[in-house]
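Peer 1: Sequence and predicted structure, then a few things I'm wondering about:
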Amino acid sequence: MPELKSFTNRSAQPSCATINIKNLRLRTFIGFNPDERTKKQDVVLNIEINYAIEGLVLQDHIDDALNYKTITKRVINHVEEGQFLLLEKLVSDVLGICSEHPTVQSASVTIDKPHALRFADSVSLTLQYRAEVASTHQFLEKAS
């Protein structure tokens, strides 16, 4: 069997990886109308997480990998156990969960609320996180 030439055998190695979680379907209380406060609604999440590859992750060392299963479980628990008046709050909370690991360089979360409008398939909202912007804001807050 010929030797597999992986990217790790080359002198230039990737420094960033992207995790995509597509069409994660959950149910939660979302909205401020009386009927929205009494029954759960479907939401569809799409998440993209860009993170710095560290250590020996390209050589199959699991301790150096960003664990998308752990992140997804936290998102599921937060969404399904929570109650949200605004889609903005829900998306912001999920983005916070997805961007809290120190290796995350950027993340994007889009959440669709199917059947929110009568003649539309869904309404969605997207929020993005960028580590360099977040660290700049932290610095400004400390300086004030």
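Peer 2: Looks like it came in fine.
Peer 1: CA atoms of stretch 75-86 as PDB?
Peer 2: The C-alpha coordinates for stretch 75-86 follow below in PDB (Å, rounded to 0.1, in the frame of the first residue of the first chain):
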ATOM      1  CA  VAL A  75     -26.000  25.100  22.200                       C
ATOM      2  CA  ILE A  76     -28.800  22.500  22.200                       C
ATOM      3  CA  ASN A  77     -29.200  22.700  26.000                       C
ATOM      4  CA  HIS A  78     -29.300  26.500  26.000                       C
ATOM      5  CA  VAL A  79     -31.700  26.800  23.100                       C
ATOM      6  CA  GLU A  80     -34.100  24.100  24.200                       C
ATOM      7  CA  GLU A  81     -34.100  25.100  27.900                       C
ATOM      8  CA  GLY A  82     -34.300  28.800  27.300                       C
ATOM      9  CA  GLN A  83     -37.100  31.400  26.600                       C
ATOM     10  CA  PHE A  84     -36.400  34.300  24.300                       C
ATOM     11  CA  LEU A  85     -38.400  37.300  23.400                       C
ATOM     12  CA  LEU A  86     -36.200  38.300  20.500                       C
END
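Peer 1: which helices and strands sit right next to the one helix or strand T110 maps to?
Peer 2: Using DSSP states H and E, T110 sits within strand 104-114. For strand 104-114, the packing partners by 3 or more Cβ pairs under 8 Å, 6 or more residues apart in numbering; DSSP states H and E come out as strand 41-52, helix 87-99, strand 122-130, helix 131-143. From N, CA and C alone the C-beta is placed, and that goes for glycine too.
Peer 1: Show me what it pairs with in its sheet, parallel or antiparallel.
Peer 2: strand 41-52 (antiparallel), strand 122-130 (antiparallel) (DSSP bridges).
Peer 1: Show me what counts as buried in the shortest one.
Peer 2: By neighbour count on 16 or more other Cβ atoms under 10 Å, the buried set for strand 122-130 is S124, L127, Y129.
Peer 1: Double-check the first one against V109; I have them as touching.
Peer 2: In other words, S124. No - with contacts counted by Cβ atoms under 8 Å, S124 stays clear of V109, the gap being 10.2 Å.
Peer 1: No further queries at this time; thank you.
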